[in-house]
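Engineer: Quick one, what's the 3D model for this:
(chains A, B and C)
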Amino acid sequence: MTESKIPVGKRARLSVYFNKRLAQYYWERLQKNKLSLAGMGFIIFLMLLGIFGPFFTQDPTYSDFNLANIPPLGFSRQESVYDIKTNEFITTVIEGRPDHPLGTDSKGRDMLAMLISGARISLLVGLIATGIAVFIGVVIGVLSAYLGGWVDNVLMRFTDIMMTFPFFLLLVLIVFLFGPSLAIIVLVIGLTGWTGAARLIRSEALSLRTRDFITASRALGASDGRIMFNHLIPNVASLIIVMSTLSIPGVIMSEAALSFIGLGDPMRTSWGTILNAGQHTLDTAWWVAVEPGIMLFLTVLSFNFFGDGLRDAFDPQASI
Amino acid sequence: MSSAILEVENLNTWFYTRRGIVKAVNGMNYSLYAGECLCLVGESGCGKSVSALSLLRLFDSPPGKIVQGRVLYNGTDLVACSPDRLRAVRGKDIAMVFQNAQSALNPVFTVGDQMMEQIKAHDGLDRNDVLTKAKMLLEEMRIPGAARALKMYPHQMSGGMKQRAMIAMSLSCDPKILIADEPTTSVDVTIRAQIMHILKDLKARRNMSIIFITHDLSLVSEIGDRAAVVYAGKVVETATVTNIMNNPSHPYTSGLISCLPDISSGMKRLPSIPGNTPNPLNMPAGCPFHPRCSKAMEICRRVEPGLVHIADDHTVACHLYGPGAGGSR
Amino acid sequence: MRNYLVKRILYSIIIAWGILTVTFILLRVGPSSPVDRYILNIAARGQDIESVKQAIEARYGLDKPIYQQYFDYMGNLLQGNWGWSFSSSVPVMDLIGSHWIYSFQLILLSTIVAILLGIGLGILSAVKQNTRFDYAASIFSFIGISIPGFWLGLMLIMVFGVHLGWFKTYYDTSYPIWSLENLRQLILPVITLSIGELAGYVRYTRSSMLDNMRKEFVTTARAKGLPERVVIGKHVLSNAMLPLVTIIMFDLGSVVFGGAYLTEIVFGIPGLGQVSFNAIFANDYAVVVAVTLIGTFLVLFINLATDILYTYIDPRIRYD
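Structural biologist: Have a look, this model is predicted:
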């Protein structure tokens, strides 16, 4: 048995973080919320799309002006061209084509390829930036609650300062100062988006700190670190999961908004970039603005449904 | 004692929850006579509080619903009457005092405001009269500085003061019946004595009828005229308090009384009734008490006993006293 | 009460200092200094870079030691000297003075609409819990929370501006602010900006109402024989509104300012968002910083106002 090689202490600690029966119980509760399952399904679909999609589609930046503004399959568009020889308008009907099932934009780039690239960017930014933000938030929240005193005071005042900045305006300023690249955008969202998490975790940890089982383990001589990692953090774990899931939509929307106003990474195609291009062709090629918006909307909706379902599943008081 | 001013007949209040039907009140019967204090006694979760809320249809609905029964007050069936008629009775004829004044008073309005809105809702008094009346009531409750207390918010009052303000509020329309739902459970011993004193005083001076709900038998002997012992949503024994105390007939009642500490007997350990109150989702067949009853017989497992008169003003629901059941304990 | 006020104001001043300091650090840490930004502009005009660079450094005190720069920066901002807009050739403060009203009207109207409709729908939803109306309202609020505002704006322009022709597709500044025409052309922007807020308020109001409807004092109010109108409208509502005040005020900073920024860009409304947006692409450093700082100070002021407002609406805080 490989399992027996894990030292006993380690095993006990792991079991604090993962309990199979509890996971089973939460999963059963989650399954009762159909919207939440649908959200989870869409998120998985999107992940598969983001990971494997680019291998099957053409280069999203490849443009062919001969194939510009092709409508999606099943739609058609009329184009009038003034012919000098005959001195009249010639109207041609352009139909959707199977090699560009979702159409092309005004530069002849394939919409499907761009949307898949956008899915990859959105998820990447959403997951990594949220991960950074929640990590910082948990560290600051737990330290603040557990150490108290001047540490708490300094950390919370700093949190207050960061919280006062309107989130999007701060993003705009920093990306403007540091230059728009994907890494910068992810880092900036991560490094500025932790304030809510820090406060939430702090207040949760504060109320846990006075509970009897913590007092008991302190009375038994447990070290600060042990109490933090074996008692405090496992007990806020469900809160962390729910909070992360529910903050992903905001992060994805922020990245899309930055790209939309032209502060996105110019080397990458994200949904916001496509929307930016699409706003100028609302009259000729509506699909360029419609398609990425629908993807963005469905993604955000899915995370909201999924996060809501998780919250109810973890909340013993919620009736499902 | 004169005729009954409130009659509860076969009252059934059920809660339709996801896990099943909770029959919180399951065929409750009792009468309240003018000027008396009737105590509803039972363990927590036996349905005594829900039965009180049911009199004025104050439980949450849904999931709660009165599926059967009547509550007759002055010839009106409060179960079937219109919401407007019921509202006219609430607070005016029948008033309630709740267990926890801290949560029963609205935190964002002053005590005076909360008293006066009730008076205004029922009596067409003008503002000055309402104010005078509210002040008088607080004085009657011996709240110091009544004029100032009117302008106080609940959180500015001590626990005992809040409870007394709550009683004052319930009296603001001179009700005929006062329902006191464990009014002393959430306060400490000295305040409990004050509250009990006030209630006894009220009964004597205002000739009010009181339904006093409690799990504490010592309070019953202190204030009650008659008592109804409630088990699993129904009354199992009614009698005068003296009879209940000296001559408990239902095995559950005798169990409750034997649990009272008695200084003279010098017992080392208090006896207790074995087992727990039955799961309301899964009531035992027959007499609901039979799994815990030391005198249980064959018939108790199958047939639910009805209320039987065993003496003047003493009824009991137990097969020990049923027709053809030997008759003696 | 007075002590509390003084304490809150002092505290806000400390936060304001923190905000300015954080901004100063960002400006100094950023890879491109303000000089580089100016140089880019000047280089574009073909002037000699080195001499101009030294002149600018001396002019803006960038050759001084860092602490001196810090004090100068603070001093200038406090004196209302917020720098010079390179692209518009006016002081930044003048630029803001002539454009703030466009942002203000948009935010004010949207917030009023969101509060009235959101709270109204939320109350109805709670009172009619588990009816068709309630379900419809909760579906609406999920959609409203998840829809990206700037995309919704594009879609509204496309449908009502381009296709139906009911509205102009751009904002017309020739109408006076206080005119019906101006109000009319704000309809789509206000829908765009308020939808997210509105949806959020519906959810919060509903759950806050339901929480309070289960409270014991509501049973007391019914037991007193008060009409249902008073029970809900007075006893439940007054308690349900308390947490909402914080949420509404918090939303202004976290959601509304960012949303207004994007809405202005989508609809071409010449408010501060648009000003900042234009400044980004003109490398107009001082303007971008100023807009972010103004937004932040507004949030700070709103937070302070909320705290003071609370002492009036929640009697439990007043004497603490």
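
Engineer: what's the single longest helix in the chain?
Structural biologist: Since no chain was named, I'll use chain A. For chain A, the longest helix by residue count, based on DSSP state H, is helix A:111-147.

Engineer: ah, I was thinking of chain C
Structural biologist: helix C:92-127.

Engineer: how about that one, does it get close to chain B?
Structural biologist: No. Helix C:92-127 does not reach chain B (CB under 8 Å from any CB of the partner chain); its nearest approach is 13.9 Å. (C-beta placed from N, C-alpha, C; glycine too.)

Engineer: quick one: average confidence on the longest helix of chain A?
Structural biologist: In this model, helix A:111-147 carries a mean pLDDT of 90.

Engineer: Just list what that helix packs against, helices and strands only.
Structural biologist: helix A:34-52, helix A:149-164, helix A:182-192, helix A:195-209, helix A:233-260, helix A:271-278, helix A:287-314 (3 or more CB pairs under 8 Å, 6 or more residues apart in numbering or on different chains; DSSP states H and E).

Engineer: Same question for the second one: list its buried residues.
Structural biologist: I take that to be helix A:149-164. A:152, A:155-156, A:158-164 (16 or more other CB atoms under 10 Å in any protein chain shown).

Engineer: Hey, what's the angle from that helix to helix A:182-192? Just curious.
Structural biologist: Here helix A:149-164 runs at an angle of 120 degrees relative to helix A:182-192 (axes from the mean of the first three to the mean of the last three CA atoms, to 10 degrees).

Engineer: Count the residues that sit near the residue lying closest to A:Glu204 once chain neighbours are set aside.
Structural biologist: Leaving aside its sequence neighbours, A:Glu204 sits nearest to A:Val236 (CB to CB, 6 or more residues apart in numbering or on different chains; 5.1 Å). Number of residues near A:Val236 (other CB atoms under 10 Å in any protein chain shown) recorded here: 21.

Engineer: Now do the SS call for B:Tyr30.
Structural biologist: strand (DSSP: H, G, I helix; E, B strand; the rest coil).

Engineer: Skipping adjacent residues, who's closest to it in space?
Structural biologist: Spatial nearest neighbour of B:Tyr30, excluding adjacent residues (CB to CB, 6+ apart): B:Ala228 at 4.8 Å.

Engineer: ok, residues contacting the strand or helix carrying that neighbour?
Structural biologist: Using DSSP states H and E, B:Ala228 sits within strand B:226-231. When contacts are defined by CB atoms under 8 Å, 6 or more residues apart in numbering or on different chains, strand B:226-231 is touched by residues B:28, B:30, B:33, B:36-43, B:46-48, B:51, B:220, B:235-241, B:244, B:250, B:252-253, B:256, B:277, B:288-289, B:313.

Engineer: how does it look with 7 Å?
Structural biologist: B:30, B:36, B:38-42, B:46-48, B:220, B:235-241, B:244, B:250, B:252-253, B:288-289 (CB atoms under 7 Å, 6 or more residues apart in numbering or on different chains).

Engineer: Could you pull up the contacting residues of the residue most central in space within chain C?
Structural biologist: Residue closest to the average C-alpha location in chain C (CA atoms, centre = their mean): C:Phe257, at 2.6 Å. Applying CB under 7 Å, 6+ apart to C:Phe257 gives the contacts A:166, A:168-169, C:295.

Engineer: for the longest helix of chain A, which positions count as buried?
Structural biologist: Buried-residue list, helix A:111-147, by 16+ other CB under 10 Å: A:111-130, A:132-134, A:136-138, A:140-146.

Engineer: Likewise for stretch C:175-184?
Structural biologist: C:Asn182.

Engineer: Next, the distance between the ends of that stretch.
Structural biologist: For stretch C:175-184, the first-to-last residue distance is 11 Å (CA to CA, to the nearest Å).

Engineer: From the chain's centroid, how far away is it?
Structural biologist: 22 Å (CA atoms, centre = their mean, to the nearest Å).

Engineer: For chain B, what is the nearest residue in chain C?
Structural biologist: C:Gly225 (3.4 Å; CB to the nearest CB).

Engineer: phi, psi of C:Pro243?
Structural biologist: phi -70, psi -20 (degrees, to the nearest 10).

Engineer: Which residue is the nearest non-sequential neighbour of it?
Structural biologist: C:Ser208 (5.8 Å).

Engineer: pretty sure C:Ile13 is in a helix, no?
Structural biologist: Yes. If the criterion is three-state DSSP, then C:Ile13 is within a helix.

Engineer: in the longest helix of chain C, what's buried?
Structural biologist: By 16+ other CB under 10 Å, the buried positions in helix C:92-127 come out as C:92-93, C:95-96, C:99, C:102-103, C:105-107, C:109-111, C:113-115, C:117-119, C:121-127.

Engineer: Spell out which residues of the stretch 1-150 of chain B are next to chain C.
Structural biologist: B:56, B:58, B:87-88, B:90-92, B:96, B:98, B:100, B:103-108, B:117-118, B:121-122 (CB under 7 Å from any CB of the partner chain).

Engineer: from those residues, which are also near chain A?
Structural biologist: Okay, of these, nothing touches chain A (CB under 7 Å from any CB).

Engineer: Centre of the chain to the one helix or strand the residue nearest to C:Pro243 maps to, how far?
Structural biologist: Per DSSP H and E: C:Ser208 is located in helix C:187-213. Relative to the centre of its chain, helix C:187-213 is centred 16 Å away, using CA atoms, centre = their mean.

Engineer: Mind giving me the packing neighbours of that helix?
Structural biologist: helix C:92-127, helix C:132-146, helix C:149-156, helix C:237-251, helix C:257-267 (3 or more CB pairs under 7 Å, 6 or more residues apart in numbering or on different chains; DSSP states H and E).

Engineer: after the strand holding B:Ala228, next one along is what?
Structural biologist: strand B:234-240.

Engineer: what's the following helix or strand past that following strand packed up against?
Structural biologist: Remark: after strand B:234-240, the chain's next helix or strand is helix B:241-246, criterion DSSP H and E. Judged by 3+ CB pairs under 7 Å, 6+ apart, helix B:241-246 is in contact with helix B:217-223, strand B:226-231.
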